[in-house]
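> just a sequence and a predicted model for now, questions to come.
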Amino acid sequence: MKKITLGPIPYMSVLPALLVGANIKGKPNYMTAAWATVACMAPPMVCVAINKMRYTAKGIEENKTFSLNVPSVHQVVETDHCGLVSGAHEDKSEVFHSFYGKLKTAPLAEECPVNIECRLFKAVDCGSHLLYIGEVVEIHAETSCMTDGKPDIAKINPIVYAQAAYFDVGEQVDKAFSAGKLYQKE
C-alpha cells in the first residue's frame, strides 16, 4: 500500500461529540468538544482538551468540576449550537435542562442519555489547549439506554465526530477481546 505523509496534525479518525458542562458565575454552560477520552481505569478518569480561550475553561478553573455529557444523534442541532456560540456572548443555560449530582457544581444535561460527573484532577498545559483530567465521581445513565446493567451504545446512539461532520455509530463488527483469538500466524 502506498502512503503519503500528512505532517504533524492532531488526527484521530473518529471522536465522540460531547457536551462539556461547567458552572460559570453560578450559571450552567455547555460547550461542544470532541477531543475527549478515558484517561485511567483505577481510579476512573476521563480527559478533555479545551482551548485556553474558551469560556467553559473559566468554569472548570472556578469550580474544579465539570461534566461530560453524551448526546444522542437526535440532539445534533442543540449539540452543534453549543459549539458555534460562546457562553461569553450568549446564555446557553436554557439549551438543556440542567441537574446536579454529588458535586453540586458540575451541570449535567438532563436530555443526554449519559452524563459523567467529574472532579478536576489536573489541568495540563499542552500549548493551545489545556487537557483537563477529571476523576469520575458518578455516571448518570437513562434506564432506557441500559443493557445488562451497562450503557448500551446502540440505545444511546451517540454522535460521532469525524472529518468536520457528525455521524452515528453503525453496526457492531465483532467483539473486543475476542475477535483476535481467531488470528493465525502464516
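Looks like it arrived, so ask away. Residues are numbered from 1 along each chain as shown.
> please count neighbours and contacts with C-alpha atoms only from this point.
OK.
> what about the helices in the protein?
55-63, 76-84, 153-156 (DSSP state H).
> list the contacts of the second one.
So the one you mean is helix 76-84. Residues from elsewhere that reach helix 76-84 (C-alpha atoms under 8 Å, 6 or more residues apart in numbering): 18, 19, 30, 31, 32, 33, 71, 92, 95, 159, 166.
> in the sheet, who's paired with residue 138?
residue 117 (DSSP bridges).
> okay, now it: neighbour count?
Residue 138 sits with 16 neighbouring residues when counted by other C-alpha atoms under 10 Å.
> need the contact list for it.
Residues in contact with residue 138 (C-alpha under 8 Å, 6+ apart) are 101, 102, 116, 117, 118.
> re earlier: what's the most buried one of the helices of the chain?
helix 55-63 (a mean of 20; mean count of other C-alpha atoms under 10 Å).
> circling back to that earlier point, just send the helices of the chain back as CSV, with mean pLDDT too.
CSV is the format used below for the helices of the chain (pLDDT from 0 to 100):
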stretch, mean pLDDT
helix 55-63, 97
helix 76-84, 97
helix 153-156, 96
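> for residue 25, which of those helices is the nearest?
Nearest of those to residue 25, taken as C-alpha to C-alpha: helix 55-63 at 7.5 Å.
> which strands or helices does that closest one pack on?
Applying 3 or more C-alpha pairs under 8 Å, 6 or more residues apart in numbering; DSSP states H and E, one finds that helix 55-63 makes contact with strand 18-24, strand 27-33.
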